[in-house]
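[1] this one's sequence-less:
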């Protein structure tokens with residue numbers, strides 16, 4: 001099966017300076033078109049947070065208009081730019097979103113079990129899971145120890161070397177790592193927030209962050225507190241899973257490239 005992960009769309013109103021700089025709405029619509037028409041058309045899509053830019057109802061209304069353009073199921077996760085109360089209010093048809101409290105949930109009906117977590121702290125850039133959610137995660141991971149699991153969340157549970165972004169990281173990353181270290185059937189932990197593709201081993205599992213469909217964070221490693229963005233191409237992650245080989249992750253640009261040449265038949 002194929003799973004598309006898009007992240008940090010930062011949808012906002014067209015008159016905003018942010019929209020004039022990045023044009024996130026056009027880019028998300030183009031991402032939907034690209035996903036639908038891809039030779040690697042996914043079975044489902046996860047949007048891993050920072051769905052909108054300033055958590056206003058008007059922004060979520062724009063997002064509501066865009067989501068039907070995806071021709072496969074779409075699941076929403078909150079990021080630090082989102083408002084969980086407003087998110088559940090604006091998307092009542094997404095009935096996997098809990099009616100109150102944290103917006104964590106499980107997606108069933110596929111060979112993989114998808115566990116989606118909520119790292120949002122209202123009004124804060126940092127992330128936090130909390131003991132209640134960690135206990136729930138432990139319970140869900142223990143429920144079917146022989147079934148492969150993929151975990152989605154917004155804030156990544158590790159330091160990246162991007163100092164300014166690390167200051168807005170997950171506060172209870174050590175506690176999360178302790179939970180997942182007890183379970184060897186986790187295929188991957190997939191995150192957003194960083195606006196770059198970054199990988200690290202955490203608690204015995206590969207953790208991967210997803211680039212943004214809007215804009216990327218400039219790669220400035222080390223003791224550098226500058227935060228800047230670049231106009232690198234919009235990207236998303238495509239996760240390919242087979243029962244035989246497990247999960248393999250690929251980057252895909254939201255752009256159509258001309259095929260240079262093709263070989264067919266027996267190659268070796």
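    The structure has been received and is ready for your questions. What you see is a predicted model, and the numbers here were worked out from it, not measured in a lab.
[2] What is the neighbour count of residue 123?
    Other residues near residue 123 come to 8 when the count uses other CB atoms under 10 Å. For the C-beta atoms, the positions are set from N, CA and C on the backbone; glycine is no exception.
[3] how near is it to residue 85?
    Taking CB to CB, to the nearest Å as the measure, residue 123 falls 12 Å from residue 85.
[4] Equivalent analysis for residue 48, please.
    Relative to residue 85, and taking CB to CB, residue 48 is found at 19 Å.
[5] Comparing the two, which residue is more hemmed in?
    Neighbours were counted for residue 48 and for residue 85 using other CB under 10 Å; residue 48 has more, 29 against 12.
[6] mind checking pLDDT for the nearest residue to the more buried one once chain neighbours are set aside?
    Distances taken as CB to CB, 6 or more residues apart in numbering place residue 192 nearest to residue 48, at 3.8 Å, with adjacent residues excluded. On pLDDT, residue 192 comes in at 98.
[7] same check, this time on residue 268
    Residue 268 carries a pLDDT value of 67.
[8] What's the first helix or strand after the one helix or strand residue 21 maps to?
    Using DSSP states H and E, residue 21 sits within helix 17-22. Next in sequence after helix 17-22, counting helices and strands by DSSP H and E, comes helix 24-37.
[9] tell me what that next one is packed against?
    Contacts defined by 3 or more CB pairs under 8 Å, 6 or more residues apart in numbering; DSSP states H and E place helix 24-37 against strand 2-6, helix 57-66.
[10] so which of the ones you listed gets nearest residue 13?
    Among the helices and strands packed on helix 24-37, helix 57-66 comes nearest to residue 13, with 5.8 Å by CB to CB.
[11] and the closest one with helix 24-37, angle?
    Relative orientation of helix 57-66 versus helix 24-37 (axes from the mean of the first three to the mean of the last three CA atoms, to 10 degrees): 20 degrees.
[12] Just the buried positions in stretch 99-117, please.
    102-105, 107, 112-117 (16 or more other CB atoms under 10 Å).
[13] for stretch 41-57, that is, sorry about that
    The neighbour-count check on stretch 41-57 (16+ other CB under 10 Å) flags 42, 44-53, 55 as buried.
[14] Of these, which is the nearest to residue 8?
    Of all these, residue 50 has the smallest distance to residue 8: 4.3 Å, by CB to CB.
[15] where does the closest one land on pLDDT?
    Looking at residue 50, its pLDDT reads 97.
[16] can you pull the contacts of it?
    Residues near residue 50 by CB atoms under 8 Å, 6 or more residues apart in numbering: 7-10, 79-82, 154, 192-193.
[17] nearest spatial neighbour of it, skipping sequence neighbours?
    Computed as CB to CB, 6+ apart, the closest residue to residue 50 that is not its neighbour in sequence is residue 79, at 3.6 Å.
[18] Can you tell me the element that neighbour falls in?
    Per DSSP H and E: residue 79 is located in neither a helix nor a strand.
[19] OK, contacts around it?
    Counted by CB under 8 Å, 6+ apart, residue 79 has contacts 8, 48-51, 119-120, 154-155, 192-193.
[20] Now do the phi/psi pair for it.
    For residue 79, the backbone dihedrals (degrees, to the nearest 10) come out as phi -120, psi -170.
[21] residues near the residue lying closest to residue 211 once chain neighbours are set aside, how many?
    Leaving out its chain neighbours, the residue that sits closest to residue 211 by CB to CB, 6+ apart is residue 235, at 3.7 Å. Residue 235 has 21 neighbouring residues, counting by other CB under 10 Å.
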